[in-house]
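Enquirer: Below: sequence and its predicted model.
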Amino acid sequence: MPSSTSSSEPRALGAAWALAVLLAAAALFLLDRHGRGLGVPAGLIDSMQLWSIQRDRVYGDAPKAVVFIGASRSAYGIDPKTWRSLVPATKPVMLSLNGRHPVALLRDLAADPDFRGLVVCDVDTHGLLRRWWDMQQDYVDYYHRRWNLNWRVHRLALNAWQRASVLANPALGWKAGLQRWVEGGRVYIPVTRIDSNRGGEILFDRFDPAASAKAFDDDADRKMREPRPTADEFMADARQIQLWVRQIRARGGNVVFFQPPVSGRVAALEHEYFDRAAYWDAFAALEGIQALHFDDVPGMGRLALPDHSHVRGADRATLTRLLAEELQRRGWLDAATTGVR
C-alpha cells in the first residue's frame, strides 16, 4: 500500500511549480508596468529580420510588388496601407531604411533574376553618388547569407512579444539599465512607430522638431562644404545606375526615382550645391530613367515638414496619394499596377 508521503510529493511539486509560475508572471507584470510608467510604449522594433520578412515579398505578378526603397523620408512618409487602397492591383513592400541611401538594394534587385516588380526609389542627388552606394549592403548580405525559416519564426514570435510587453524593448534590458545607473542617463523613449509591414511614422510630440530641423540644416551645410563632384563625375556614377535599371526593365519590371519633399537648408543642398539642371535633371534625361522631383508634383511642396525632412503622421496618406496619382498621370505604372482611385 503506497504511503501518504509518496503520494503527496507530486502534489507538493506541482504546487511549487504553480507558485513559481505565478511569482514569475507577477514579476513580469510589475516590471512591465514600471517600464510603461517610465514612458516606454509597447510596439515593434525594426530589425534585419523584420526587414527580411518584407524582402521575401518582392516576388510574384499577382499582384505585382511595388517596392519602396530609400531612407527615412519614405520609411516614415509612405503609408503602405494607403497605397494598397489607392492601387489595389499592387502589393506594396516597404524596404526603406532610416539614415541609409538605397543604391545597394537597387543593385541587389537588379541582380535578382526573379524580381520583376516596380521599384520606387527614394533618393536625392547626394544619395546617388558612388561613395554612398554600400550603405544598405549589410542588410542585403544578411538576407542572402543568414536569413532562413528559423529566423522568420523567431521574428514572428518576437512581434507578438513586442506588441504585448515593453520588456521586449532592449532599452529596458539589464545591460542598458546598468549603463543608465552608471552614467546617470534616462531610458530611451522611441520617437518613431513602425508596423509589421514596416510602414511607420515619426512622433513629433516626443521631441523638439525645431532642434531636429536645425540638425538637418547643419548637416546640409556640412555637406555643402565638402568637395563637390563635377557633373561629369556624377554622370559616370549615374550611368552605372542606369545599367541596373535596364536589367530590371528587361525582365518586365520598372524603376522610378523619387525625391521626397524637403525644406530649409536641406532643400538648398539640391538648389545651391547640386545645380538641378546639371545633376538631377541630367540624370532624369538618361534613356530609361524615370525620375520625379517633389518640386514637379502639385501640392507636394505645400506639405508641412516640422523638421525640414519628414511629414507628420497625418500627412503620410496625403504624400502617398500625391505620389500614386503622379506616377499614374505620367504613365509610370504599367498595366499590372494601374487602378489609382
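Expert: All right, it came through fine. Residues are numbered from 1 along each chain as shown.
Enquirer: Quick check: which ranges of the stretch 151-300 of the chain have low pLDDT?
Expert: Residue ranges of the stretch 151-300 of the chain with pLDDT under 70: none are present.
Enquirer: Helices along that one, start to end?
Expert: 174-183, 209-223, 231-250, 264-268, 280-284 (DSSP state H, counting those that start in this stretch).
Enquirer: closest one to D108 among those?
Expert: D108 lies closest, by Cβ to Cβ, to one member of the helices of the stretch 151-300 of the chain: helix 231-250, at 9.4 Å. C-beta coordinates here come from the backbone N, C-alpha and C atoms, glycine included.
Enquirer: What residues of the closest one count as buried?
Expert: 234-235, 237-238, 241-242, 244-245, 247-248 (16 or more other Cβ atoms under 10 Å).
Enquirer: Which of those residues sits closest to G299?
Expert: Using Cβ to Cβ, these come closest to G299 at V245, 27.3 Å.
Enquirer: Pull the contacting residues for the closest residue to the closest one other than its chain neighbours.
Expert: Once flanking residues are discounted, V245 sits nearest to V255: 4.7 Å by Cβ to Cβ, 6 or more residues apart in numbering. Residues counted as contacts of V255 (Cβ atoms under 8 Å, 6 or more residues apart in numbering) are 106, 118-119, 121, 245, 248-249, 289-290.
Enquirer: G77 contacts G313, correct?
Expert: No: between G77 and G313 there is no contact under Cβ atoms under 8 Å: 9.7 Å.
Enquirer: and these two? which has more neighbours close in?
Expert: Comparing G77 with G313 by other Cβ atoms under 10 Å, the one with more neighbours is G77, at 30 against 18.
Enquirer: Would you map the strands across the stretch 51-200 of the chain?
Expert: Counting by DSSP state E, counting those that start in this stretch, residue ranges of the strands within the stretch 51-200 of the chain are 64-69, 90-94, 118-122, 192-194, 200-202.
Enquirer: To A220, which of the ones you listed lies closest?
Expert: The nearest among those, by Cβ to Cβ, is strand 118-122 at 16.9 Å.
Enquirer: Can you tell me the strand partners of the closest one and which way each runs?
Expert: strand 64-69 (parallel), strand 254-259 (parallel) (DSSP bridges).
Enquirer: Correct me if wrong: T192 contacts Y76.
Expert: Yes: with contact defined as Cβ under 8 Å, T192 and Y76 form a contacting pair (6.5 Å).
Enquirer: joint contacts of those two?
Expert: What both T192 and Y76 touch, as defined by Cβ under 8 Å, 6+ apart, is the set 98, 200-202.
Enquirer: What is the neighbour count of G331?
Expert: 9.
Enquirer: Check the secondary structure at it for me.
Expert: Reduced to three states with DSSP: H, G, I helix; E, B strand; the rest coil, the structure at G331 is coil.
Enquirer: Give me the phi and psi for it.
Expert: The phi and psi values for G331, taken as degrees, to the nearest 10, are phi 80, psi 20.
Enquirer: for the shared contacts of T192 and Y76, which one is nearest P10?
Expert: For those, the nearest to P10 is G200 (50.8 Å; Cβ to Cβ).
Enquirer: Just give the nearest non-adjacent residue to the closest one, would you?
Expert: Per Cβ to Cβ, 6+ apart, closest to G200 is I194, 3.8 Å.
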